[in-house]
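Enquirer: any chance you can model this:
(one chain, ligands or ions: 1)
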Amino acid sequence: MDALVPVQSAGQRLPVRLVSASLHRCIGSVSIRRSVSGFAMDTRISSRAPSQFTIRSQQSDLKESLGVASSSDLRIKEWEVDMYQNELAISQGIRIRRKPPSKAPLGYTGPFELRLLNGQVADSPSNILEEITWFKDQEVSRMKELNPLEALKKAVENAPPTRDFVGALRTAHQRTGFPGLIAEVKKASPSRGILKENFDPVEIAQAYERGGAACLSVLTDQKYFKGGFENLEAIRSAGVKCPLLCKEFVVDPWQIYYARAKGADAVLLIAAILTDLEITYLLKLSKKLGLAALVEVHDEREMGRALGIEGIELVGINNRSLETFKVDISNTKKLLEGEHGRQIREKDMIVVGESCLFTPDDIAYVQDAGVKAVLVGESIVKQNDPEKGIAGLFGKNISQT
Ligand SMILES: O=P(O)(O)OC[C@@H](O)[C@@H](O)c1c[nH]c2ccccc12
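Expert: Model prediction:
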């Protein structure tokens, strides 16, 4: 079994998420000292950050290290980890619960007992983002069975090198004087329904490239966006040169390996569903695999969190709330004002204005607010000719020719 485990400082009692081919769930809440003594540690990913480790172990080692003897003990540990994970997320202002809340397993006695007595266990998601996240958790578990991490790692080793996503955005910005365009290959969304009936992802991608897009974003979520990893692969193997963002709801490091194996050059990390520790870890893993990471925020609090995490080069401000679908492009402006804007300029981060950009005035508005890139789907994908759609969006032909 191979496990990637983000952990915090030594000695702390913390939830530990293990990614494993056979045991693809959270499996224990352990103190770091115990886990260190129980596992052989491989600190390749984290040579500069002692808080992150890759741990390899056998399941028997794991049971021993967690101090559990039976499967029912293990179930209790699993459940406890989920509870810790939720508590950590709540303490960071994250409202999205990563899994449906469940009752304590039979035989549980422990720190959550009293808190559970006071709280209600609501078992339906409170908004669409939470629904997607819950579904994704299960989907990823299933996908892992079919594509174990070890095999994926081999595929990644043999995959062609990635292309420079951030570099392409900077170059386009300098070349055109407009924000660099990430054009989205998007068939549908939960808020807008089907955007394009006759949807040919490769044709759209090629039209975007001819139209002057710097990079492309390819939705890979099947259930809610009618996308797919096969689109990502097809676009890449059709010879499209623009670097590709894999537009997914990442809740597990396995997905980063999978995206890389399927031809992505960049991945999306959504702050509304990931803790600071997870973002830090997933960023490092992405870098290790040669992928850029776009960290998406929607409000001041998430922007503050992103600014506190080291190593973020690309921040996306989504003008659409994924919880309520409310859209407002002044969100980009608001989040770039004041102290946050100052820090972003100081760190020379690239900010991407995301969603609901339809006209040259919209582009000018977010550019004035300070973005150097934009992420656009609906307004260009809906056009009969997406190449012309880009010229319409900018009010000018921005293609290279
Ligand atoms: O189609 P629009 O309004 O131009 O939006 C594109 C993109 O910003 C949007 O699809 C998006 C932004 N962040 C996301 C996260 C998940 C899924 C989709 C998204």
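Enquirer: which residue packs closest to Leu152, ignoring adjacent ones?
Expert: Distances taken as CB to CB, 6 or more residues apart in numbering put Tyr257 closest to Leu152, at 4.4 Å, once the chain neighbours are dropped. To be clear about C-beta, it is placed using only N, CA and C from the backbone, and glycine gets the same treatment.
Enquirer: who are the contact partners of that neighbour?
Expert: 149, 152-153, 156, 289 (CB atoms under 8 Å, 6 or more residues apart in numbering).
Enquirer: could you look up the SS state of the closest residue to Asp221 other than its chain neighbours?
Expert: Leaving out its chain neighbours, the residue that sits closest to Asp221 by CB to CB, 6+ apart is Gly227, at 5.4 Å. Recorded secondary structure, Gly227: coil (DSSP: H, G, I helix; E, B strand; the rest coil).
Enquirer: Gly227 and Ile204, how far apart?
Expert: The gap separating Gly227 from Ile204 is 12 Å, by CB to CB, to the nearest Å.
Enquirer: then Tyr258?
Expert: In terms of CB to CB, Tyr258 sits 23 Å off from Ile204.
Enquirer: contacts only, for the residue of the stretch 101-250 of the chain found nearest the ligand.
Expert: Proximity of the stretch 101-250 of the chain to the ligand (CB to the nearest ligand atom) peaks at Glu184, 4.9 Å away. The contact partners of Glu184, by CB under 8 Å, 6+ apart, come to 216-219, 247, 375-377, 380-381.
Enquirer: quick one: which of the residues you listed sit in helices?
Expert: Those of the contacts of Glu184 mapping onto helices are 380-381, per DSSP state H.
Enquirer: let me know the helix or strand that Ile390 is in.
Expert: Element membership for Ile390 (DSSP states H and E) is helix 386-394.
Enquirer: tabulate the contacts of Glu184 (TSV), appending neighbour count.
Expert: Shown next, in TSV, are these (neighbours: other CB atoms under 10 Å):
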residue	neighbour count
Leu216	29
Ser217	25
Val218	30
Leu219	25
Lys247	26
Leu375	27
Val376	28
Gly377	24
Ile380	27
Val381	20
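Enquirer: confirm Asn397 sits in a strand?
Expert: No: read with three-state DSSP, Asn397 is coil and lies in no strand.
Enquirer: pLDDT value on it, please?
Expert: pLDDT recorded at Asn397 is 97.
Enquirer: how much space is there between the residue nearest to it when sequence neighbours are not counted and Thr162?
Expert: For Asn397, ignoring the flanking residues on the chain, the nearest one in space by CB to CB, 6+ apart is Ala391 at 4.7 Å. Per CB to CB, Ala391 is found 29 Å from Thr162.
Enquirer: check Cys356 too.
Expert: 29 Å.
Enquirer: cool, Leu268 as well?
Expert: According to CB to CB, Leu268 and Thr162 sit 15 Å apart.
Enquirer: for the ligand, see how far away Glu339 is.
Expert: 24 Å (CB to the nearest ligand atom, to the nearest Å).
Enquirer: could you look up the SS state of that residue?
Expert: Bear in mind the rule, three-state DSSP; under it Glu339 is helix.
Enquirer: per-residue pLDDT of it, please?
Expert: 95.
Enquirer: now do Ser20
Expert: Ser20 carries a pLDDT value of 30.
Enquirer: show me the contacts for the residue in the chain positioned nearest to the ligand.
Expert: Nearest residue of the chain to the ligand, counting by CB to the nearest ligand atom: Gly377, 2.9 Å away. Gly377 sits next to 183-184, 186, 189, 195, 217, 355 when contact means CB under 8 Å, 6+ apart.
Enquirer: one more pass at 6 Å, please.
Expert: Shown in contact with Gly377 (CB atoms under 6 Å, 6 or more residues apart in numbering): 184, 186.
Enquirer: so how far is Leu216 from it?
Expert: Gly377 is 11 Å from Leu216, by CB to CB.
Enquirer: ok, now Arg301?
Expert: From Arg301 to Leu216 the distance is 30 Å (CB to CB).
Enquirer: and Val295, by the same measure?
Expert: Applying CB to CB to Val295 and Leu216 gives a distance of 19 Å.
Enquirer: unless I'm mixing things up, Glu302 is touching Ile273, no?
Expert: No: using CB atoms under 6 Å, Glu302 is not in contact with Ile273, being 10.5 Å away.
Enquirer: where does the closest residue to Gln92 other than its chain neighbours land on pLDDT?
Expert: Leaving out its chain neighbours, the residue that sits closest to Gln92 by CB to CB, 6+ apart is Thr275, at 5.6 Å. With respect to pLDDT, Thr275 scores 97.
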